[in-house]
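S.K.: Build me a model:
(one chain, ligands or ions: 2)
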Amino acid sequence: MNSVIEIENLTKEFDGLVAINHITLNVGEGEIFGFLGPNGAGKTTAVKMLCTILNPTSGSAKVCGYDIVRQRDKVRECIGIVFQDRAIDTFLTGKENLDFHARMYHLDRKTRQKRVAEVLDLMDLKGKENMRISDCSGGTQRRFEVARGFLNHPKVLFLDEPTLGLDVQARRNLWDYIKLLNEKEGITIILTTHYMEEADYLCHRVAIIDQGRIIAIDSPEKLKQAVGLNLISLQVAQDSSGSLVDSLKQLSWIKKIEARDGSLELSIDGGEERIPELIDFADNRGLVISSIKLYKPSLEDTFLHFTGKTIREVEGSLKEVWKAWMRSRGKR
Ligand SMILES: Nc1ncnc2c1ncn2[C@@H]1O[C@H](COP(=O)(O)OP(=O)(O)OP(=O)(O)O)[C@@H](O)[C@H]1O
Ligand SMILES: [Mg+2]
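M.R.: Ligands and ions are numbered 1, 2, ... in the order given. Reported below is the predicted structural model:
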């Protein structure tokens, strides 16, 4: 696979604060690649450097083969961006916004009309194009922003927190358009998110980023596997799980057994194939399993595994810092 993005030891410091700390990675053509991390992890800073909005403190990166510092204009020609903060003219209609953007790229009238119709079609915005943006729902506004982002046929599209602030339905809806865009137009997509489900659903590969450092990079599947153990929760019909616990200890692939709310939770080495084995095992001892469920680790568990904390704990602690700062301001 050809690399569209090559990042080497990229670093950004703001007055002594290291927002991005020596990151090195490549992104292949046609990939949907995600930066997953909590607030303040450095995701936007990384994207801004790749989009030539910020200069790195040290290290280097190439986008579509062009250096982000020395060949800024070339980089800009081959990318599209959807910023974390909304940046669309709410007094204009969706179509006017798209048309204006197309003019900035110097597309002639005919090409402009054709391309605007294409992107409206792909993002399923036909029928909404003449509504003023301020009258559109948050999800539709965001879809217009994404449509604008790939108007100029970019090779790489950057989406910084594309679904932040959208409700669950609008978020899922946008995910499907992002997938479609990647498949139909073959665009490489770099997105940032702090939603585990988003990274899991959309990304071919994910970089888990925490305090400016990349902690792990792999497919969501592999990252989850790295956490290791799956969990089986089971209930037996008879009230004799005590004897079951003793015999289960014979099975080497069961690493831990815990009784919880009338169920047994088994940390297991393996997956689905263990379920029939367990049913047979209980059956041979005259026990009937009344319910059995397999839980695989989520990306949330993965984040915990690699960083030692949950993504919510990190965001929670940032909120505390923020609240304390606001309180101290109030006292001043
Ligand atoms: N222009 C700036 N000047 C000083 N510090 C900055 C600047 N931009 C970002 N930072 C700091 O760099 C760190 C990383 O910020 P960044 O916005 O890249 O994080 P993020 O992962 O995008 O967070 P979020 O999920 O909240 O969008 C933060 O501590 C932030 O306060
Ligand atoms: Mg950000």
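
S.K.: So, low pLDDT: which residues of the stretch 201-332 of the chain?
M.R.: Along the stretch 201-332 of the chain, the model assigns pLDDT under 70 to residues 238-242, 310-332.

S.K.: the helices in it, which residues?
M.R.: With helices called from DSSP state H, counting those that start in this stretch, the stretch 201-332 of the chain shows them at 220-227, 241-248, 274-284, 299-307, 311-331.

S.K.: Could I get the contacting residues of the residue in the stretch 1-150 of the chain positioned nearest to ligand 2?
M.R.: Closest residue of the stretch 1-150 of the chain to ligand 2, Cβ to the ion: Thr44 (3.1 Å). The way it works is simple: take the backbone N, C-alpha and C, and place the C-beta from them, glycine included. If you count contacts by Cβ atoms under 8 Å, 6 or more residues apart in numbering, Thr44 has them with Gln84, Asp160, Glu161, Thr192.

S.K.: now, the most widely separated pair of those residues?
M.R.: Using Cβ to Cβ, the contacts of Thr44 span at most 7.6 Å, a distance reached by Gln84 and Thr192.

S.K.: shared neighbours of the two, anything?
M.R.: Here Gln84 and Thr192 share the contacting residues Thr44, Asp160, Glu161, scored by Cβ under 8 Å, 6+ apart.

S.K.: Looks like Leu107 contacts Arg115 (just checking).
M.R.: Yes: with contact defined as Cβ atoms under 8 Å, Leu107 and Arg115 form a contacting pair (6.4 Å).

S.K.: who wins for neighbours among the contacts of Thr44?
M.R.: Thr192 (25 neighbours; other Cβ atoms under 10 Å).

S.K.: Wasn't it part of a helix?
M.R.: No: looking at Thr192 with DSSP: H, G, I helix; E, B strand; the rest coil, it is strand, so not inside a helix.

S.K.: before we move on, back to that, so the residue of the stretch 1-150 of the chain closest to ligand 2 is in which element?
M.R.: helix 43-50 (DSSP states H and E).

S.K.: What are the buried residues along whichever helix or strand comes after that helix?
M.R.: Once helix 43-50 ends, the next helix or strand along the chain (criterion: DSSP H and E) is strand 58-63. The neighbour-count check on strand 58-63 (16 or more other Cβ atoms under 10 Å) flags Gly59, Ala61, Lys62, Val63 as buried.

S.K.: Quick one: name whatever helix or strand follows strand 58-63.
M.R.: That would be, after strand 58-63 and using DSSP H and E, strand 66-67.

S.K.: and the next helix or strand after that following strand, how far from the chain's centre?
M.R.: The helix or strand immediately downstream of strand 66-67 is helix 72-77, counting by DSSP H and E. Centroid separation for helix 72-77 versus its chain: 25 Å, with Cα atoms, centre = their mean, to the nearest Å.

S.K.: next one: stretch 125-132
M.R.: Centroid displacement of stretch 125-132 relative to its chain, using Cα atoms, centre = their mean, is 28 Å.

S.K.: got the contact list for it?
M.R.: Contacts for stretch 125-132 (Cβ under 8 Å, 6+ apart): 90-95, 98, 119-120, 136, 140, 143-144, 147.
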